[in-house]
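S.K.: Kindly generate the corresponding structure for this input.
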Amino acid sequence: MTKRILYIGNDLRVNSFTATYISFFSKVLRKEGYKVKTASTRNNKAFRLLEMLGLIIRYHKKTDVVLIDTYGAMNFYYAYLVAKTCQAYNLDYIPILHGGNLPERLNASPSYSRSLFGKAKINIAPSRFLYDIFKAAGFENIKLIPNAIQLKNYPFKERRKLGPKLLWVRRFQKRYNPLMALHMLKILQEKHPDAEMCMVGPDKDGSLKLCKNFARKHKLKVKFPGKLSKKKWAKLSQDYDFFINTTTIDNTPISVIEAMSLGLGIVSTDVGGMPILVKDGEDGVLVPESDAPAMARALEYLISDQEKAAAMCKTARKKVENFDWELVKKDWNEVLG
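M.R.: Numbers count the residues shown, from 1 in each chain. As a prediction, the model looks like this:
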């Protein structure tokens, strides 16, 4: 019998990096033959929660398992209430752990966490980072399945010469520290006047305005194209050589996995799960959180050693081939079967 799945998350129905994993994952599950309903498409938080809970109540007899995209901030409470509703109807549910701040949530809300994660059919960790933390917290119902991409959509480009052409892709939000990228660019332009950067993403908390003001004040070569679809930013990446990740909190971001597939050189802060995703000096370079001078030095090093930089890009691509959905789907079919 075909498995019937209710997938709870922020379904923006936009193929954009700002959409949660549900946008991609629900599509590939349907192609595997599963019947999938998703929620919610609503921007209003209260209406979103009501729709999520309402669908469980309405379809609990026609649902075999509920997937729950789970983060560590406000979304955690949505996930908790969804899980409690599933428990009331004896529905199996599977939290998919996404948030780099989930470790802090485990400590801050231990009773809620035990109720949400402890009673799940299984919890899916997309990284060894979260897997180890949940194991250490006493959760045995945990399985490691990496975030997947469709590799064919992110073709590798071998760059003949890597220059100071930088790409940053994230929401403009304080936790992702976009201003660090601009401070770094200011330093880099002292030795590389031709250095330029494109910062892709929508504003979340006013950070975009701060970044534009900083770039204007210091006459930095920066483009702000706004939010782009995955297809558009993947195409845009062909004009750039390095991918900059400045976040202060992270797990295994899809945007970095996609950048590795596209052949961009990776320079990232060493927070959260990044040291597991990127091996420093082998398939990218890691620098301390909020250390713009260190990031500038890392880029100068890679630009000066073209052979090393090119080798890192090839190694990174080889690593993320393991994230291809055609491989990852075997684990998911086993969990959902």
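S.K.: Can you give the domain ranges for the protein?
M.R.: For the chain, the domain assignment from automatic domain parsing gives the residue ranges 4-144, 152-322.
S.K.: Any chance of the backbone angles for G284?
M.R.: With angles defined as degrees, to the nearest 10, G284 sits at phi 170, psi -180.
S.K.: what about it, how many neighbours?
M.R.: 28 (other Cβ atoms under 10 Å). C-beta coordinates here come from the backbone N, C-alpha and C atoms, glycine included.
S.K.: Is the residue lying closest to I145 once chain neighbours are set aside in a helix, a strand, or coil?
M.R.: Using Cβ to Cβ, 6 or more residues apart in numbering and skipping the chain neighbours, the partner closest in space to I145 is D331 (4.6 Å). Taking DSSP: H, G, I helix; E, B strand; the rest coil as the rule, one finds D331 in the helix state.
S.K.: Just want the most central residue of this protein.
M.R.: The geometric centre of the chain, computed from its C-alpha atoms, lies nearest to P253 (Cα atoms, centre = their mean), at 2.7 Å.
S.K.: mind checking pLDDT for that residue?
M.R.: The score at P253 is 90. That number is its pLDDT.
S.K.: do the same with A19
M.R.: Here, the pLDDT recorded for A19 equals 48.
S.K.: swap in V14?
M.R.: Looking at V14, its pLDDT is 41.
S.K.: Mind jotting down where the strands sit in the stretch 201-337 of the chain?
M.R.: 222-226, 242-245, 265-269, 285-287 (DSSP state E, counting those that start in this stretch).
S.K.: Can you name the residues in contact with the shortest one?
M.R.: By Cβ atoms under 8 Å, 6 or more residues apart in numbering, the surrounding residues in contact with strand 285-287 are 266-270, 274-275, 278, 280, 294-295, 298, 301-302, 312.
S.K.: hmm, which of those are the buried ones?
M.R.: Among the contacts of strand 285-287, those classed as buried by 16 or more other Cβ atoms under 10 Å are I266, V267, S268, T269, D270, M274, V278, A294, M295, A298, L302, M312.
S.K.: so which of those comes closest to F243?
M.R.: Looking at those and their distance to F243, the nearest is I266, at 5.4 Å (Cβ to Cβ).
S.K.: which ones are touching the residue nearest to the closest one when sequence neighbours are not counted?
M.R.: On the basis of Cβ to Cβ, 6+ apart, the spatially nearest residue to I266 that is not a chain neighbour turns out to be G284, at 3.3 Å. The neighbourhood of G284, defined by Cβ under 8 Å, 6+ apart, consists of M260, G265, I266, V267, S268, V278, M312, A316.
S.K.: ok so, going back, mind putting the buried ones among the contacts of strand 285-287 into JSON lines with distance to W233 and pLDDT?
M.R.: Written out in JSON lines, the entries for the buried ones among the contacts of strand 285-287 read as follows (distance: Cβ to Cβ, whole Å; pLDDT from 0 to 100):
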{"residue": "I266", "distance to W233": "15", "pLDDT": "98"}
{"residue": "V267", "distance to W233": "18", "pLDDT": "98"}
{"residue": "S268", "distance to W233": "17", "pLDDT": "98"}
{"residue": "T269", "distance to W233": "20", "pLDDT": "98"}
{"residue": "D270", "distance to W233": "24", "pLDDT": "97"}
{"residue": "M274", "distance to W233": "20", "pLDDT": "95"}
{"residue": "V278", "distance to W233": "19", "pLDDT": "97"}
{"residue": "A294", "distance to W233": "26", "pLDDT": "98"}
{"residue": "M295", "distance to W233": "21", "pLDDT": "98"}
{"residue": "A298", "distance to W233": "22", "pLDDT": "98"}
{"residue": "L302", "distance to W233": "21", "pLDDT": "97"}
{"residue": "M312", "distance to W233": "21", "pLDDT": "98"}
